[in-house]
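Trainee: how would this look folded up:
(one chain, ligands or ions: 1)
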Amino acid sequence: MGLKLFNTLSRSIQDFTPLDSTGKTVGMYCCGPTVYDFAHIGNWRTFVFADLVRRYLEFKGFSVTHVMNITDVEDKIIKRVRETKTSLREFTGKYEAAFFEDLKTLNCREPHHKPHATEHIADIIALIEKLVARGVAYKAADGSVYFSIEKYRGSGSTYGRLLKINFDELRPGERVKTDEYAKESVADFALWKARAPEDGDIFWPSPWGEGRPGWHIECSAMSMKILGQCFDLHLGGEDLIFPHHEDEIAQSEGATGQPFVKYWLHGAFLLVEGKKMSKSLGNFFTLRDLLAKGFTGREIRCLLLQAHYRETFNFTLEGLLGARTALARIDECVTKLRELAGGTAAVPNAELVNAFTIALENDLNISAAWGEIFKWVSKMNRSLADNAIMVAEAASALAAWERLDSVLGVGVISESEAPAELKALIIERQLARHAKNFKRADAIRDELKTKGWVIEDTPKGQRLKKI
Ligand SMILES: [Zn+2]
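Mentor: Numbers count the residues shown, from 1 in each chain. Below you'll find the model as predicted:
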């Protein structure tokens with residue numbers, strides 16, 4: 001068995017072989033959030049997909065270096081900073097903190113490196129200087145620096161590696177200053193944007209005058225700085241294929257003359273209630289909107305992990321209820337196995353682990369993996385009902401589930417998911433202790449215990465932990 005992935009670069013499924021000659025380490029870059037608002041559920045599908053890739057590689061024993069940038073300066077951010085009359089750092093800091101909180105709610109492993117664009121201005125400038133020196137970038141009259149598609153193609157390089165582009169319409173020297181544009185308006189794109197009055201005090205000095213970086217160059221500069229000129233995996237949503245990722249390839253390969261990334265992986269779009277998400281249709285959800293409706297991070301993660309990453313997925317509230325039921329079935333089975341195993345150590349059941357692995361080796365076919373899991377849950381439940389499972393077998397099944405859950409990340413019920421009435425009991429117990437009513441405090445502790453929760457004292461106060 002070996003992992004096979006669909007590489008957007010070759011438009012085909014390929015064997016995954018890391019660049020590292022020892023085959024142990026993997027460099028992985030995933031385009032991170034633009035911190036100007038709360039991330040929506042479509043964004044979260046991409047980050048949960050990236051988490052799946054990382055967790056599965058780690059499951060296979062690779063040592064993964066996961067990098068995710070934070071875009072903390074760009075057109076939309078500057079506009080909002082101006083509107084809200086805050087400072088850049090204050091404004092982006094708020095949304096960045098919310099992003100990492102949400103990432104944790106969805107139980108995504110935290111990236112090892114989280115570079116900020118504003119902290120890598122010198123690296124960005126150095127990369128642009130290289131492109132200018134190699135003749136594929138030029139300074140325009142307004143002080144901005146552009147990447148020349150014509151010069152790049154003239155040097156024998158291909159622009160349009162991820163997406164076929166019709167160059168008949170391209171008029172050499174025509175420029176596009178905004179970071180987002182359509183395939184039809186392919187033109188020289190901005191690497192450095194000269195300071196404009198509306199930028200306020202958001203600018204940096206550069207060899208071309210005051211200004212700020214374009215969005216695409218950030219990712220080229222930061223990914224190569226941390227992972228090297230050539231690395232294994234670059235991930236993102238399919239909406240980033242053009243122009244963002246195409247431009248990243250052009251900038252990086254234009255500067256180094258070497259291949260930039262070996263495998264490009266793209267997650268498909270998300271529809272919500274059958275339609276493209278939009279605020280006017282009322283189907284635009286941030287993670288917080290869904291938590292406010294009473295769903296948990298675990299249920300949302302489970303639903304986002306239902307479909308294959310290259311399939312457009314229809315996210316619905318009914319689907320979330322389905323995920324809740326599915327998790328309850330797993331929980332019931334795992335709880336019973338846990339009771340039976342009683343802490344006995346065992347080797348994971350190979351049959352389940354193998355079936356799961358075979359599914360995921362095939363371009364991360366998660367829906368097939370779920371199929372295997374639910375077949376196993378049904379089988380286990382039947383055997384448990386018939387009292388036909390021995391302790392050793394239960395321990396082995398449990399160990400297998402824990403292996404699987406190191407990839408799925410849905411098995412742990414977190415403290416935040418303790419029912420509200422139980423959380424209220426913690427406060428009541430604190431008040432009882434304060435009033436030296438230890439009898440009541442002990443009664444509450446016992447009540448929580450019978451419901452499967454213990455109170456833990458932590459430096460941040462008391463919290464509930466599932467037994
Ligand atoms: Zn990027």
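Trainee: the longest helix seen in the chain: what's the following helix or strand?
Mentor: For the chain, the helix with the greatest residue count under DSSP state H is helix 317-341. Following helix 317-341 in sequence order, the next helix or strand is helix 350-361 (DSSP states H and E).
Trainee: check which residues of that next one are buried.
Mentor: Within helix 350-361, the residues scored as buried using 16 or more other CB atoms under 10 Å are 352-353, 355-357, 359-361. Every residue, glycine included, has its C-beta placed from N, CA and C.
Trainee: out of these, which comes closest to the ion?
Mentor: Among those, Leu360 lies closest to the ion (CB to the ion), at 25.6 Å.
Trainee: poorly predicted segments of the stretch 101-250 of the chain, please.
Mentor: For the stretch 101-250 of the chain, applying pLDDT under 70 flags no range at all.
Trainee: for the ion, what is the nearest residue in it?
Mentor: Closest point on the stretch 101-250 of the chain to the ion, by CB to the ion, is Cys219, at 3.2 Å.
Trainee: now the stretch 301-450 of the chain
Mentor: Tyr309 (17.7 Å).
Trainee: hmm, Ala50 and that residue touching each other?
Mentor: No - contact criterion CB atoms under 8 Å: Tyr309 and Ala50 do not qualify, at 9.6 Å.
Trainee: find the residues that touch each one of these two.
Mentor: Jointly contacting Tyr309 and Ala50 under the rule CB atoms under 8 Å, 6 or more residues apart in numbering are Gly267.
Trainee: show me what from the chain comes close to the ion.
Mentor: 31, 219 (CB under 5 Å from the ion).
Trainee: what helix or strand is the nearest residue to Val334 once chain neighbours are set aside on?
Mentor: Closest residue in space to Val334, ignoring its immediate chain neighbours: Trp401 at 5.9 Å, by CB to CB, 6 or more residues apart in numbering. Trp401 belongs to helix 391-408 when assigned by DSSP H and E.
Trainee: also Lys465?
Mentor: Per DSSP H and E: strand 461-466 holds Lys465.
Trainee: could you pull out the buried residues of that strand?
Mentor: 463-464.
Trainee: that one pairs with which strands, parallel or anti?
Mentor: strand 453-458 (antiparallel) (DSSP bridges).
Trainee: tell me the mean pLDDT for the strand it pairs with?
Mentor: Averaged over strand 453-458, pLDDT sits at 77.
Trainee: which residues touch that strand?
Mentor: With CB under 8 Å, 6+ apart as the criterion, strand 453-458 contacts 418, 422, 426, 429, 445, 448, 462-467.
Trainee: chain center to that strand, what's the gap?
Mentor: How far strand 453-458 lies from its chain's middle: 30 Å, per CA atoms, centre = their mean, to the nearest Å.
Trainee: how about stretch 424-432?
Mentor: Counting by CA atoms, centre = their mean, stretch 424-432 comes out at 37 Å from the chain centroid.
Trainee: what residue ranges in the stretch 351-467 of the chain score low on pLDDT?
Mentor: 412-420, 458-461.
Trainee: coming back round to it: turn the buried residues of helix 350-361 into CSV, columns for distance to Gly237.
Mentor: Formatted as CSV, those follow (distance: CB to CB, whole Å):
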residue, distance to Gly237
Leu352, 32
Val353, 30
Ala355, 30
Phe356, 26
Thr357, 26
Ala359, 23
Leu360, 21
Glu361, 24
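Trainee: of those residues, closest to Asp15?
Mentor: Glu361 (10.0 Å; CB to CB).
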